[in-house]
Structures are given as structure tokens and as C-alpha cells.
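A.B. asks: Only the shape, not the letters, is given here:
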């Protein structure tokens with residue numbers, strides 16, 4: 001696994017030791033970011049990213065490489081947090097990242113973290129965790145108006161998009177379905 005584009009292009013990402021962490025494949029990540037570039041522009045300047053169920057952090061680091069202003073990674077797993085910490089150090093990204101050991105379906109309120117305008121959501125497949133996390137972050141003020149959410153789930157899973165979100169696009173990549181959502185509207 002490598003960063004595909006931007007200032008960290010070509011940098012290697014640490015792979016997990018087993019299948020308990022399921023990183024997004026490079027080709028899927030590239031497709032996702034091509035779609036995001038058409039929505040957000042090729043440079044993600046000033047974009048604030050929330051990477052839920054972060055795993056290796058590949059999605060958040062890809063956004064950071066492309067110019068995101070800040071990334072907050074959230075994962076409960078010890079190995080995942082260790083990998084993300086190693087990436088933060090290797091990329092010199094300590095000043096523009098945060099790493100939280102929290103349940104992505106019960107983050108509480110953002111407090112001083114502020115709101116985010118791009119969210120990656122890649123939960124364990126088929127458990128309804130993505131829908132629960134979407135409901136929670138909307139209800140607790142984590143999302144800026146018109147935030148973009150990229151939600152990956154098993155292609156054969158039936159999902160229910162919670163109120164407040166609009167499904168803009170759905171793409172199938174092998175066994176994965178990637179849903180592009182928009183939250184709310186600007187005032």
C-alpha cells in the first residue's frame with residue numbers, strides 16, 4: 001500500500017498483521033479520490049477530515065497528502081492506533097493530525113475539535129456500525145453543512161441512509177460498495 005498522489009506520493013503505508021483491519025485497496029482509494037477531486041477540487045486546501053474506523057489511516061493520509069488542513073483519526077483497535085501513530089511520525093504530520101481512541105458510534109460532542117467537512121467511514125462490514133456512526137455524528141454537531149461523507153460497506157449489505165443525508169453516488173468495487181453522501185445544506 002502506498003500514498004497515491006500529493007506531497008506524500010509513493011510513501012509506503014504499513015500493512016496490518018492480520019485480516020482484522022481491512023485497508024481500502026490502492027485502486028479503490030484512487031477511484032474514490034478522483035470522485036472527491038471532482039466534488040472538492042484537486043487540492044483539498046482547508047478541508048477538515050474525520051476518518052472513522054480509521055484502520056491504517058490510509059484514507060486520511062491520502063487526504064492530507066492532497067492538501068487537507070487537518071485529519072482526526074478515530075479507531076478503538078490497539079494495532080490500528082499503533083500503525084496510525086507510526087504514519088503520523090513517518091510523515092511528520094503531528095501538527096495537523098489527532099488520533100482518538102473512541103467508539104465511532106458514540107463520540108460524544110466535538111467540543112474544541114470543531115466541525116468536519118469530509119468524513120471517511122469504513123466500518124467492519126455488515127454490522128450496521130456505519131449507519132449508527134452517521135446518525136451519531138449528525139446529531140452531535142461533528143459535521144459542517146454540506147459535508148461530504150464517503151461510506152464504504154459490503155456490496156451485498158443493505159444500508160439505510162439516516163435522515164439529514166443525501167446519497168449522491170454509489171460505486172461497486174469488487175466486494176465493496178462506496179457511497180458518497182452529502183450532509184444537510186448550507187444556511
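C.D. replies: Noted; the coordinates are in hand. Predicted, not measured: the structure shown is a model, and the values here were computed from it.

A.B. asks: which helices and strands does the lowest-mean-pLDDT helix or strand in the chain pack with?
C.D. replies: Least confident helix or strand of the chain, by mean pLDDT, DSSP states H and E, is helix 26-40 with a mean of 88. Here helix 26-40 touches helix 58-65, strand 143-154, strand 165-173, strand 176-183, going by 3 or more CB pairs under 8 Å, 6 or more residues apart in numbering; DSSP states H and E. Every C-beta, even on glycine, is put in place using the N, C-alpha and C of the backbone.

A.B. asks: As JSON lines, these with mean neighbour count and distance to residue 75 would be great.
C.D. replies: Conversion of the helices and strands packed on helix 26-40 to JSON lines gives the following (neighbours: other CB atoms under 10 Å; distance: least, CB to CB, whole Å):
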{"stretch": "helix 58-65", "mean neighbour count": "27", "distance to residue 75": "10"}
{"stretch": "strand 143-154", "mean neighbour count": "21", "distance to residue 75": "15"}
{"stretch": "strand 165-173", "mean neighbour count": "14", "distance to residue 75": "22"}
{"stretch": "strand 176-183", "mean neighbour count": "20", "distance to residue 75": "19"}
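
A.B. asks: what's residue 176 in contact with, if anything?
C.D. replies: 24, 28, 152, 153, 154, 155 (CB atoms under 8 Å, 6 or more residues apart in numbering).

A.B. asks: let's see 10 Å
C.D. replies: 22, 24, 25, 28, 122, 125, 152, 153, 154, 155, 157 (CB atoms under 10 Å, 6 or more residues apart in numbering).

A.B. asks: which one of the residues you listed is nearest residue 134?
C.D. replies: residue 153 (11.1 Å; CB to CB).

A.B. asks: Does the residue nearest the centre of the chain belong to a helix, a strand or coil?
C.D. replies: Central residue of the chain (CA atoms, centre = their mean): residue 120, 1.9 Å from the mean position. Following DSSP: H, G, I helix; E, B strand; the rest coil, residue 120 is assigned to strand.

A.B. asks: Next up, the contacts around the closest residue to it other than its chain neighbours.
C.D. replies: Nearest non-adjacent residue to residue 120, counting by CB to CB, 6 or more residues apart in numbering: residue 59, 4.1 Å away. Listed by CB under 10 Å, 6+ apart, the contact set of residue 59 reads 23-24, 29, 32-33, 49, 51-53, 71, 73, 118-122, 150, 152.

A.B. asks: For stretch 147-162, the averaged confidence score.
C.D. replies: Averaging pLDDT along stretch 147-162 gives 94.

A.B. asks: how far does that stretch stretch from start to finish?
C.D. replies: By CA to CA, to the nearest Å, the extent of stretch 147-162 from end to end equals 14 Å.

A.B. asks: Next: stretch 90-101.
C.D. replies: 20 Å.
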